[in-house]
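**Student:** 3D model of this:
(chains A and B)
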2 protein chains.
Amino acid sequence: MPANRQVILSRKPQGKLALDNFSFAEGPIPVPGEGEVLVKARYVSLDAANRAWMQGVTYRSALETGQVMAGGALAEVVESKAPHLAPGDLVFADTGWQEYAAVSGRNLARLPNMTPITHLLSVYGVTGLTAYFGLLRIGEPRAGETVVVSAAAGAVGSIAGQIAKIKGARVIGVAGGAEKCAWLTDELGFDLAVDYKAGDVRRQLRAACPNGIDVYFDNVGGDIFEAALFNMANHGRIVCCGAVSQYDDAPPPHGPRGVPGLIVTKRLKVQGFVVMDFYADRDKALDELRGWVEAGRIKVQEDVIDGLENLPSGLIGLLAGENRGKRMVRV
Amino acid sequence: MPANRQVILSRKPQGKLALDNFSFAEGPIPVPGEGEVLVKARYVSLDAANRAWMQGVTYRSALETGQVMAGGALAEVVESKAPHLAPGDLVFADTGWQEYAAVSGRNLARLPNMTPITHLLSVYGVTGLTAYFGLLRIGEPRAGETVVVSAAAGAVGSIAGQIAKIKGARVIGVAGGAEKCAWLTDELGFDLAVDYKAGDVRRQLRAACPNGIDVYFDNVGGDIFEAALFNMANHGRIVCCGAVSQYDDAPPPHGPRGVPGLIVTKRLKVQGFVVMDFYADRDKALDELRGWVEAGRIKVQEDVIDGLENLPSGLIGLLAGENRGKRMVRV
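**Tutor:** Numbering: from 1, shown residues only, chains lettered A, B, ... in the order given. Here you go, the predicted model:
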């Protein structure tokens, strides 16, 4: 019987996440209890949230050292003690960074098989739904409005920007480096891209958005949040999706200037969300996303790395912004 | 013919507002043009916003030195060249700090006479409507929820807190000093009051709100905003009404920590507004406020100072928090 290869969070990071925060182990393959299923991870999702969980309580409990690193995966049911699932079924499960996990069947839904199945983790997974609900339910862009997306070449940002284009907005992406910026405009159809490595973002956004920003989809927090805040139009909406700039370090000593002063004078709405809040409407959202992908209106970019052993370096690289589109690790 | 006594903004404040930022003058009594009315100010409203206007562009243009200080007043029409207004009518007008002003009749509505007419500036004026719309349209407190109001002994805060009580919320006021705090609980019916001069507000709020804050009605910004942010419950709402802590000084070097991180993880909505945004529903709001006042469910506190010459010191004192309820100056 094969062992269960695992990645352990062996030491919590104080500053930047590094390889020596992790170790590798082999555990037994767990036996599912009543109502549980044994799953084998096929693609582990890498997300900035993995790093946020190490910092403390978010929408889940803080991680503990010495345990299997937390994370979700597209996984295949190997053995089922849950009535609605059978071996071979695909599910998205909170497996952690390991090959096998026994998880409760209660919140698992059987996913449709599709080609490529990686789309179940990207555009048809948490990533796509986060972009969809965050932009449309909180940002509510109207045709002709100006939408700015940060981490625009990332998993969520690249989809959020494309949905904003579908809705008729003028879309500006903020990304790091000329190559990513060119990809946003040339391949994904963004109207403009702002390279945050190439100079003052506040000034660049002012030039790019002469009438102000109506919707800012924020994935990063920090200085770019502040730069966008100062460029918001009256009645603008800021979608607070994540704050990746603040995850991989000590908590920042202070927050963005202009809070709450500019929120008052510009009558802004600044709102956070977690995608699960909208899951009642998940099927409708997936239908709409599928239509856009099949019509070529959303291009799906994935960044697939091979091998469980590359999970730590894959996450570290994601936090440094090296991925384009949805990063995942094939196990 | 009498002269028109005026208060001039003679020098813009760099730091704290002081008496020598103002001077006094006597001008001619203006002659109303076609469509205008000549009004005589009876009660000039004092608001933290007077100070904010000196800082730069808000929802109105920044003030210029050498001109009559900007401000609104409950005023009486003396001479009318506007068809819908006649001498003796009461209006709320952007008179500035002076006895007489000629203003366009276009946006002036005749106010009902009432006893005391000062209520037209407090609970039935911008103050009451700001509390009403901010709390109910943005905060949306539900019965049993916890509402925290800062500057709770001030004009807007004292009404917002009482409306929250009417809606069945548990209400905690933040105010400066034991006397104001006692007034909030003993006279206005707040459940608790937190004295920001008596120690760490974040810790006091944590003790006062064991289940977190559902609605935070923010009048102050700065450290108290941050203290509330860290104590928000999931899905909480922050009503950004003003930032008086930040008006009477240079712009703060940084904003509150936890932005946008806590907004994401707690799924908060942080929203600014200007009362005029809701004026389509003004009559309905005034009816409801009137009902509550007449039933004794809202106690109206006013702080009336005598004499145009006391406008500068009255504003300086308001910024230092010396008023209780709505401050105004009888001219």
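**Student:** remind me which residues of chain A are low pLDDT?
**Tutor:** Residue ranges of chain A with pLDDT under 70: A:1, A:57-59.
**Student:** okay, helices next: where are they in it?
**Tutor:** A:48-55, A:126-133, A:155-166, A:178-186, A:201-208, A:222-229, A:261-265, A:282-294, A:311-319 (DSSP state H).
**Student:** okay, those helices, which one's buried deepest?
**Tutor:** Comparing those by mean neighbour count (mean count of other Cβ atoms under 10 Å in any protein chain shown), helix A:155-166 comes out on top with a mean of 28. Bear in mind the C-beta positions are built from the backbone N, C-alpha and C, glycine included.
**Student:** returning to that earlier point: can I get the helices of chain A in a markdown table with distance to chain B?
**Tutor:** Listed next are the helices of chain A as a markdown table, based on distance: least, Cβ to the nearest Cβ, whole Å:
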| stretch | distance to chain B |
| --- | --- |
| helix A:48-55 | 8 |
| helix A:126-133 | 11 |
| helix A:155-166 | 12 |
| helix A:178-186 | 22 |
| helix A:201-208 | 14 |
| helix A:222-229 | 6 |
| helix A:261-265 | 4 |
| helix A:282-294 | 17 |
| helix A:311-319 | 15 |
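**Student:** how about these in a markdown table, adding distance to B:Glu226?
**Tutor:** Below are the helices of chain A laid out as a markdown table (distance: least, Cβ to Cβ, whole Å):
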| stretch | distance to B:Glu226 |
| --- | --- |
| helix A:48-55 | 18 |
| helix A:126-133 | 27 |
| helix A:155-166 | 27 |
| helix A:178-186 | 34 |
| helix A:201-208 | 23 |
| helix A:222-229 | 16 |
| helix A:261-265 | 14 |
| helix A:282-294 | 35 |
| helix A:311-319 | 26 |
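**Student:** quick one: which of those helices is nearest B:Phe190?
**Tutor:** Nearest of the helices of chain A to B:Phe190, taken as Cβ to Cβ: helix A:261-265 at 23.6 Å.
**Student:** so which elements touch the closest one?
**Tutor:** Secondary structure elements in contact with helix A:261-265, counted by 3 or more Cβ pairs under 8 Å, 6 or more residues apart in numbering or on different chains; DSSP states H and E, are strand B:269-272.
**Student:** and the contacts of the strand it packs on?
**Tutor:** A:260, A:262-272, B:138, B:236-241, B:263 (Cβ atoms under 8 Å, 6 or more residues apart in numbering or on different chains).
**Student:** weed out the non-buried ones from the residues you listed.
**Tutor:** Buried by 16 or more other Cβ atoms under 10 Å in any protein chain shown: A:260, A:262-272, B:138, B:236-241, B:263, out of the contacts of strand B:269-272.
**Student:** for chain B, what's its nearest residue on chain A.
**Tutor:** Scanning chain A for the residue nearest chain B gives A:His254, at 3.4 Å (criterion: Cβ to the nearest Cβ).
**Student:** quick one: contacts for A:Asp191?
**Tutor:** A:Lys165, A:Arg170, A:Val171, A:Ile172, A:Thr185.
**Student:** my guess is A:Gly177 contacts A:Asp195. True?
**Tutor:** Yes. Using Cβ atoms under 8 Å, A:Gly177 is in contact with A:Asp195, at 6.3 Å.
**Student:** who has more neighbours, these two?
**Tutor:** Of the pair A:Gly177 and A:Asp195, A:Asp195 is the one with more neighbours under other Cβ atoms under 10 Å in any protein chain shown, namely 19 against 16.
**Student:** burial count for A:Met114?
**Tutor:** The local packing of A:Met114 (other Cβ under 10 Å) involves 12 other residues.
**Student:** what residues are up against A:Tyr43?
**Tutor:** Counting by Cβ under 8 Å, 6+ apart, A:Tyr43 touches A:Ala73, A:Leu74, A:Ile117, A:Thr118, A:Leu121, A:Val304, A:Met328, A:Val329, A:Arg330, A:Val331.
**Student:** out of these, which touch chain B?
**Tutor:** Subset of the contacts of A:Tyr43 in contact with chain B: empty, counting by Cβ under 8 Å from any Cβ of the partner chain.
**Student:** mind putting those residues into a markdown table with neighbour count?
**Tutor:** Shown next, in a markdown table, are the contacts of A:Tyr43 (neighbours: other Cβ atoms under 10 Å in any protein chain shown):
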| residue | neighbour count |
| --- | --- |
| A:Ala73 | 26 |
| A:Leu74 | 26 |
| A:Ile117 | 16 |
| A:Thr118 | 21 |
| A:Leu121 | 29 |
| A:Val304 | 16 |
| A:Met328 | 27 |
| A:Val329 | 27 |
| A:Arg330 | 15 |
| A:Val331 | 23 |
